[in-house]
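Engineer: need coordinates for the below:
(one chain, ligands or ions: 2)
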Amino acid sequence: MRHALVRNEFVLHYQPRIDVGSGRLIGLEALLRWQHPRFGLLPPARFLSILESSGLIHSAGEWVINTACQQLASWQQKFELPDLSLAINLSQQQLKHGRLVETVAKAIANNALDSGCLEFEIGDGEIVRQRSAELETLHGLRKLGVRLSLDHFGTRDVSFSSLDTGVIDSFVLDQSLIQDVEVNGSHQRIIRAAIAMARGLDIEVAAEGVETIPQLEFLRSCNCDLAQGFLISRPMQADKVSRILRSEIAGTRLLSRSAP
Ligand code: C2E
Ligand code: MG
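Structural biologist: Ligands and ions are numbered 1, 2, ... in the order given. Predicted coordinates for the structure are as follows:
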């Protein structure tokens, strides 16, 4: 795996995120893949834990940040979309490393990006509350002006106080809540309550794993802000995103193409 970085075998795929109200593509999430010479394209589930346990997540994470920022700047300029946003996932280990803030600051400066267009997704709500090295990094990132988001919301313990620190700008409802929302009354109530709470705390809500029109309709009825999932688009390579951005500018919405 150490050689994978040197041999340039990591690639980023990007999954579009739409504004639920208008259907407009407003941003993308960068998702890491390993183009393995023998096993083909591998998802993070096959290698992320090895990156994390070996400490290679720091250099791989740096590569992700630099590549994603460069790509975002290129799309913003080419398609004149200065507000296009990009979400980047962070592992908890990366937050313990003081260099992360410097890496992000350099990537923003080198690509002349507006920092508000970048969002970093973190997995654990508790670290937002604790006085820790992670919290210091989160504050450092906030100072740069980037947005912070809690990923997989609804699957882990998150205290109210951790959400009310002003550190978190948004959360991503976990796909396990979305996948059976058409038939699961409990998930419907949880999602409604989570969105109402987010409104009160001035936090934006995205839903991931949206696969059907009824799921999207339900999210729309709850005033969920953003949606992402196979219904809208699968994650894809950068050149395919460019084609989609071109059609978006011409007025063709992603969903009208992918709806059944
Ligand atoms: P995540 O951040 O929750 O990303 C969403 C995952 O759900 C992606 O899996 C995506 O392919 C998948 N997905 C999107 N829409 C749908 C849908 O409609 N149905 C279903 N069944 N799945 C959908 P992926 O790419 O395998 O990534 C898995 C996780 O790996 C991510 O979950 C994230 O936590 C982590 N990850 C991905 N890229 C990076 C990275 O660059 N750095 C770090 N530290 N973690 C990453
Ligand atoms: Mg994510």
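
Engineer: for residue 13, helix, strand, or coil?
Structural biologist: When classified by DSSP: H, G, I helix; E, B strand; the rest coil, residue 13 comes out as strand.

Engineer: which residues touch it?
Structural biologist: Applying CB atoms under 8 Å, 6 or more residues apart in numbering to residue 13 gives the contacts 30-31, 33, 235-237. Just so you know, the C-beta spots here come from the backbone N, C-alpha and C atoms, and that holds for glycine as well.

Engineer: residues of the stretch 1-150 of the chain that sit close to ligand 2?
Structural biologist: Residues of the stretch 1-150 of the chain lying close to ligand 2 by CB under 5 Å from the ion are 89, 121.

Engineer: hmm, back to that, show me how to select, in PyMOL, the buried members of the contacts of residue 13.
Structural biologist: Per 16 or more other CB atoms under 10 Å, the buried members of those correspond to this PyMOL selection:
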select buried, resi 30+31+33+235+236
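
Engineer: tell me which of the contacts of residue 13 fall in strands.
Structural biologist: 30-31, 33 (DSSP state E).

Engineer: ok, which of those also contact ligand 1?
Structural biologist: residue 31 (CB under 6 Å from any ligand atom).

Engineer: coming back round to it: looking at the contacts of residue 13, which is nearest residue 215?
Structural biologist: residue 235 (18.1 Å; CB to CB).

Engineer: list the contacts for that closest one?
Structural biologist: By CB under 8 Å, 6+ apart, residue 235 lies in contact with 13-15, 29, 31.

Engineer: helices and strands around the helix or strand where residue 152 lies, which ones?
Structural biologist: According to DSSP states H and E, residue 152 maps onto strand 147-153. For strand 147-153, the contact count by 3 or more CB pairs under 8 Å, 6 or more residues apart in numbering; DSSP states H and E identifies strand 85-89, strand 118-122, helix 133-144, strand 170-173 as packing neighbours.

Engineer: out of those, which one sits most buried?
Structural biologist: Ranked by mean neighbour count under mean count of other CB atoms under 10 Å, the helices and strands packed on strand 147-153 are led by strand 170-173, which reaches a mean of 26.

Engineer: so what's the gap between it and the chain middle?
Structural biologist: 9 Å (CA atoms, centre = their mean, to the nearest Å).

Engineer: just the mean pLDDT for the helix or strand that it is followed by, thanks.
Structural biologist: Next helix or strand after strand 170-173 toward the C-terminus (DSSP H and E): helix 175-178. Average pLDDT, helix 175-178: 96.

Engineer: show me where pLDDT drops low in this structure?
Structural biologist: Within the chain, the segments meeting pLDDT under 70 span 126, 131, 257-260.

Engineer: contacting residues for the residue lying farthest from the centre of it?
Structural biologist: Ranked by distance from the centre of the chain (CA atoms, centre = their mean), the top residue is residue 38, with 28.7 Å. Counting by CB under 8 Å, 6+ apart, residue 38 touches no other residue.

Engineer: any idea how far residue 130 lies from residue 124?
Structural biologist: 10 Å (CB to CB, to the nearest Å).
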